[in-house]
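**Q** coordinates for the following, if possible.
(chains A and B)
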Amino acid sequence: MRAFTYERAKSPAEAAAAARAPGAKFIAGGTNLLDLMKLEIETPTHLIDVNRLGLDKIEKTNDGGMRIGALVRNTDLAANDTVRKDYALLSRALLAGASGQLRNKATTAGNLLQRTRCPYFYDTAQPCNKREQGSGCSAIGGFSRQLAIIGVSDACIATHPSDMAVALRALDATVETVQPDGATRAIAIADFHTLPGTTPNVETTLRPGEFITGVTLPKPVGGTHIYHKVRDRSSYAFALVSVGVIMHPDGTGRVAVGGIAHKPWRVESAESELPRGAKAVAPKLLAGAKPTQQNAFKLNLVERTLSAVLAEAKGGRS
Amino acid sequence: MKFDTPATTNPIDQLKVVGKPTERIDGKLKTTGTAPYAYERHDVAPNAAYGYIVGSTIAKGKITSIDVTQAKASPGVLAIVTAGNAGKLGKGDFNTATLLAGPDIEHYHQAVALVIAETFEQARAAAQLVRVETIKGLGSFDLAGAKDKATKPKDAWGVPADSAVGDFARAFAAAPVKVDATYTTPDQAHAMMEPHATTASWSGDKLTVWTANQMIDWAKGDMAKTLGIPRENVRVVSPYVGGGFGGKLFLRADAVLAALGARAAGRPVKVALPRPFMFNNTVHRPATIQRVRIGATRDGKITAIAHENWSGDLPNGQLDGSAVQTRLMYAGANRMTATRLAVLDLPEGNAMRAPGEATGLMALESAMDEMAEKLAMDPIEFRVRNDTQVDPENPQRPFSQRSLIECMHTGAEKFGWSKRNARPASVRDGRWMVGIGMAAAIRGNPVSKSAARVRLNGDGVVTVETDMTDIGTGSYTIIAQTAAETMGVPLEKVVVKLGDSDFPVSSGSGGQWGGNSSTSGVYAACMKLRESAAHTLGLNNADAVFANGEVHSGGKTVALGAAASDAELVAEDFIEFGDLDKKFEQSTFAAHFVEVGVDAATAEIRIRRMLAVCSSGRILNPTTARSQVIGAMTMGVGSALMEEMVVDKRRGFFVNHDLAGYEVPVHADIPHQDVIFLDQTDAVSSPMKAKGVGELGLCGVAAAIANAVYNATGVRVRDFPITLDKLLAGMPDVA
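**A** Below you'll find the model as predicted:
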């Protein structure tokens, strides 16, 4: 870990303004950033502590939706009554992630901004374009069982590890921000995370210093919410694949998938096939997939998991 | 005390303290965080500086230069140790690769430097500034690729690498029913909770290391040899060890570098391995390729059995003896085993809990299940039919005690085996395909010379001193029980001091020999102390009864402490084993039963219940023994379903080198576990009539799970671990 300076921001605008300084980073729960700093994968020279900005509230919005403060802890969000009732997918996805201790610290914005768990990203002796642009990708041709099968590039096959983000994608969330000049904007979750392309070091469309103040959800869409995370052990593991669905009695619905791409994966045009089942959805959802030999099983696994989840939504699977 | 004839009735048989379920006497220290572990010895080394290891970033090659200029100028840095300034270093008898590289690099994350600074953070930051230039060498990293060049090692953990009886090839060719299958097991990490850690301090030319080590005397000898100093100048202290599983059998880089660092800095230095270093810097269980062939008559008699094993290691390294137990496990007139070792340039392989049997039974007991199905026989009945009460390679040598059939039948009854549907993929519980599997297990019962000193004071308190270690197993408690039983005092009157090379040399902890051997040594020392006490009290030792803190003899009753009213009484002795283990095969046996559920859609495998039935002689403490066995069963779940150090065959290292990437079971993976110990004694084993149990609990578990997964799904996976991607293609269609 390199030495850094530290300040505690007093307002979101002040935090964003302070982040203009080169080498500055925000710190909230620190559950990922501190690990990365210890390994010198992240080397901020200045940390802006945003924990005390009062952004820890969950409120109803005027249009019947919900606004989640950037600093709401994952545990609190998952346990919120309205979330459990109207946005159950979000609660279930959160509870499928990490551990109780981590969820107590991890924040809504931090969860969206967590880095990949690709093992080569974490080993600074290995080339990694995400860590050091242009150094190469060790995962391609290496150990890739956990890694992405779609939206990949020749530079990177990392996945985004968040469960929460998969639910937010299905729920059509919006990320609200403030920029260093004080201007605010709203970014649709679909546009928030990026594909690796030639710049896998860039993971979101946030601009330098831009600060997330909260996430909003549109008014509840009803339906049956199911989040199925498939993994090698029962808890405390990143998804091999995860499938989140919101299904209505008429067979229509939404589906988002985690563990297969550099961002939560959702293809709206594939959802029209939902009434015809997983076998009809999968080819459209996974069109253009480019798996490795080690992770090609994820194609089949997404389809099978979706199939199981759709059966469960109909009440046919216990 | 020499133990060369089977034990007769002795004070341990009273079973007033021994054999009683007893909670760990060190439990309070551990649960309150007051047991001092190696990295926290502020009490003895309050001024310790912090060392941080720099590891090699290549798997094989040569160091051409190390530039420490920047690191040295970094805040707080006190000294930097490299092979260039460490002085001439030897290599320990138990090490394959050197513990400080230079100029040659033998494996990834081999230590190349130690940075010592005032704080841990300063040392870690400065370690990043050490610039190591290397030339990469060509390495061999793929066991399957190196297999054909593997050679016959000089022995396989003390027995010949190959064995042959009868004419296997002819009998196998002639057998009406055959199994010929190849199984693979991956490299596995010990993944103990406490990393390797040492605090080192010099006083003149005398070195003390407070470390985490299972075998104090080995560490002392290898430290002296590595540093080129006399043995008597080294003291090794390791009273509490946060798990070992074989990973702490040997002197490792933390201890050597802490010693070198303390010398360079002129003050105590402590070094702990960061978790990402635990996988490539230390030792691991090597991967295996195993071919098992079984030929049988149609009525299920084995006529031919062969087990061949290939593993790899650095040059002159260690093999995995996974074929060895097949010499003993089942009858069969024609048999052979072979062990081969390939050269690989991966980090050093060595022992991990039940080395040999743990991997060997994954293959053998899967093959037995495959054969039972081919024969359309119940898997238990097939094993019963091929049981043997003598060493099949050497029939005049009986087992001292072999109750495998009783283990299997007891387990079958308890587990509800008769309800198993032998037809695979035929039981559903909602989304789950349910299967039941079993496996039999054998694990050697090695015994080893073990010494202890016992002191009696005027208050009747008995203090035991031995360099035996407690790696979380319960050594403190069973040693206290042994001393209390032998001396006739309550448990509270016994103080146990362990893990110090100033104490008499014990068996140490490894190979499941520690419990039986070390308590036998304590028993021997206590018997000597009884003699001395009786003599001091003017009593006849031959008819003296030691009970309730008193000695009764010839109508007289005297408080035991009275024997030490003038001066402390001290006795020292050791147990030494004769050739009973040559005359008798002393093994431990178990039967494991497992029920699994496999998600019909995703092929996720979840354990539903587990049972182990163990035959290991006298159980000294059912509470700690049960903890050992359920811990081992948990480790077996890991080896069956998730644990694998993944080799990057291009770059030559284990990629998933942290606990996020190397998955071990979590609580949610482990459902109800039951353990039954057969109520037995084995008088051939030791005066304690006990045997090892801590490794037995692991043997066969993974095969039982594999067999249950097969029963659930009809898919046989021979490439461990059994992960869902290997099942998917064989799973039923989902709507």
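
**Q** contact partners for residue A:258?
**A** Applying C-beta atoms under 8 Å, 6 or more residues apart in numbering or on different chains to residue A:258 gives the contacts A:159-160, A:162-163, A:165-166, A:229, A:239, A:241-244, A:264-265. C-beta coordinates here come from the backbone N, C-alpha and C atoms, glycine included.

**Q** for it, which residues make a bridge with it?
**A** According to DSSP bridges, residue A:242 are recorded as the beta-bridge partners of residue A:258.

**Q** most neighbours out of the contacts of residue A:258, which is it?
**A** Using other C-beta atoms under 10 Å in any protein chain shown as the neighbour definition, the contacts of residue A:258 reach their maximum at residue A:243, which records 32 neighbours.

**Q** check contacts around that one.
**A** Taking C-beta under 8 Å, 6+ apart as the definition of contact, the neighbours of residue A:243 are A:226, A:227, A:228, A:230, A:255, A:256, A:257, A:258, A:302, A:305, A:306, A:309.

**Q** redo those residues as JSON lines? Include pLDDT and secondary structure.
**A** Conversion of those to JSON lines gives the following (pLDDT from 0 to 100; DSSP: H, G, I helix; E, B strand; the rest coil):
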{"residue": "A:226", "pLDDT": "98", "secondary structure": "strand"}
{"residue": "A:227", "pLDDT": "98", "secondary structure": "strand"}
{"residue": "A:228", "pLDDT": "98", "secondary structure": "strand"}
{"residue": "A:230", "pLDDT": "98", "secondary structure": "strand"}
{"residue": "A:255", "pLDDT": "98", "secondary structure": "strand"}
{"residue": "A:256", "pLDDT": "98", "secondary structure": "strand"}
{"residue": "A:257", "pLDDT": "98", "secondary structure": "strand"}
{"residue": "A:258", "pLDDT": "98", "secondary structure": "strand"}
{"residue": "A:302", "pLDDT": "98", "secondary structure": "helix"}
{"residue": "A:305", "pLDDT": "98", "secondary structure": "helix"}
{"residue": "A:306", "pLDDT": "98", "secondary structure": "helix"}
{"residue": "A:309", "pLDDT": "97", "secondary structure": "helix"}
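
**Q** ok, so of these, who is nearest residue B:12?
**A** Proximity to residue B:12 was ranked across those by C-beta to C-beta; first place goes to residue A:230, at 52.3 Å.

**Q** quick one: name the residues of the stretch 451-600 of chain B near chain A.
**A** Taking C-beta under 8 Å from any C-beta of the partner chain as the criterion, the stretch 451-600 of chain B approaches chain A at residues B:599, B:600.

**Q** for the stretch 451-600 of chain B, what spans make up the helices?
**A** With DSSP state H, counting those that start in this stretch as the criterion, the stretch 451-600 of chain B has helices at B:475-487, B:514-536, B:580-583.

**Q** one more: chain A?
**A** In chain A, helices defined by DSSP state H lie at A:12-18, A:33-38, A:74-79, A:81-86, A:88-95, A:100-105, A:108-113, A:119-122, A:164-170, A:189-192, A:278-285, A:297-313, listed in chain order.

**Q** shaky segments in chain B?
**A** Residue ranges of chain B with pLDDT under 70: B:735.

**Q** ok, the stretch 51-200 of chain A next?
**A** Along the stretch 51-200 of chain A, segments meeting pLDDT under 70 are nowhere present.

**Q** now it against chain B: closest residue?
**A** Minimum separation of the stretch 51-200 of chain A from chain B (C-beta to the nearest C-beta) falls at residue A:125, amounting to 3.5 Å.

**Q** mind checking how far that residue is from residue B:657?
**A** Here residue A:125 is placed at a distance of 11 Å from residue B:657 (C-beta to C-beta, to the nearest Å).

**Q** out of the two, which sits in the busier spot?
**A** When residue A:125 and residue B:657 are compared for neighbours, residue B:657 comes out ahead with 25 against 14, by other C-beta under 10 Å.

**Q** element containing the more buried one, please.
**A** Element membership of residue B:657, judged by DSSP states H and E, is empty: it is in no helix or strand.

**Q** nearest spatial neighbour of it, chain-adjacent residues omitted?
**A** Excluding its sequence neighbours, the residue lying closest to residue B:657 (C-beta to C-beta, 6 or more residues apart in numbering or on different chains) is residue B:279, at 3.8 Å.

**Q** ok, so what distance separates the one you found from chain A?
**A** 11 Å (C-beta to the nearest C-beta, to the nearest Å).

**Q** likewise for residue B:646?
**A** Taking C-beta to the nearest C-beta, one finds residue B:646 at 5 Å from chain A.

**Q** hmm, that residue is touching residue B:653, no?
**A** No: if you go by C-beta atoms under 8 Å, residue B:646 and residue B:653 don't touch, sitting 9.6 Å apart.

**Q** tell me which of these two has more neighbours.
**A** Neighbours per residue, other C-beta under 10 Å: of residue B:646 and residue B:653, the larger number sits with residue B:653, 28 against 19.

**Q** that one reaches residue B:59, doesn't it?
**A** Yes: distance between residue B:653 and residue B:59: 5.7 Å, which falls inside the contact criterion (C-beta under 8 Å).

**Q** need the overlap of contacts for those two.
**A** Common neighbours of residue B:653 and residue B:59 (C-beta under 8 Å, 6+ apart) are B:107, B:108, B:346.

**Q** out of those, grab the one that's most surrounded.
**A** Counting by other C-beta under 10 Å, top hit in these: residue B:346 with 31 neighbours.

**Q** surely that residue meets residue B:649?
**A** No: taking C-beta under 8 Å as the definition, residue B:346 is not a contact partner of residue B:649, at 9.6 Å.

**Q** list the residues that contact both of the two?
**A** Going by C-beta under 8 Å, 6+ apart, residues that sit against residue B:346 and also against residue B:649 are residue B:141.

**Q** could you redo the helices of the stretch 451-600 of chain B as CSV and give each row mean neighbour count and distance to residue A:287?
**A** Putting the helices of the stretch 451-600 of chain B into CSV (neighbours: other C-beta atoms under 10 Å in any protein chain shown; distance: least, C-beta to C-beta, whole Å) gives the following:
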stretch, mean neighbour count, distance to residue A:287
helix B:475-487, 27, 61
helix B:514-536, 26, 59
helix B:580-583, 15, 66
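
**Q** rewinding a little: most packed of the helices of chain A?
**A** Compared across the helices of chain A, helix A:164-170 shows the largest average neighbour count, a mean of 28 (mean count of other C-beta atoms under 10 Å in any protein chain shown).

**Q** helices of the stretch 151-300 of chain B, residue ranges please.
**A** According to DSSP H, counting those that start in this stretch, the stretch 151-300 of chain B carries its helices in the segments B:168-174, B:216-227, B:253-265.

**Q** between the ones you listed, which gets nearest to chain A?
**A** helix B:253-265 (17.0 Å).

**Q** quick check: phi and psi on residue B:634?
**A** Backbone torsions of residue B:634, given as degrees, to the nearest 10, read phi -60, psi -40.

**Q** how about it, what does it touch?
**A** B:665, B:670, B:673.

**Q** hmm, try it at 10 Å
**A** Residue B:634 sits next to B:607, B:610, B:664, B:665, B:666, B:667, B:669, B:670, B:673, B:697, B:698, B:701 when contact means C-beta atoms under 10 Å, 6 or more residues apart in numbering or on different chains.

**Q** repeat for residue B:246
**A** With contact taken as C-beta under 10 Å, 6+ apart, residue B:246 is in contact with B:190, B:192, B:214, B:283-285, B:350-355, B:358, B:471, B:509-511, B:695.

**Q** mind doing that once more with 8 Å?
**A** The contact partners of residue B:246, by C-beta under 8 Å, 6+ apart, come to B:190, B:214, B:283, B:285, B:350, B:351, B:352, B:353, B:355, B:510.

**Q** what's the answer for residue B:693, then?
**A** Residue B:693 makes contact with B:512, B:515, B:588, B:614, B:616, B:619, B:625, B:628, B:629, B:677 under the criterion C-beta under 8 Å, 6+ apart.
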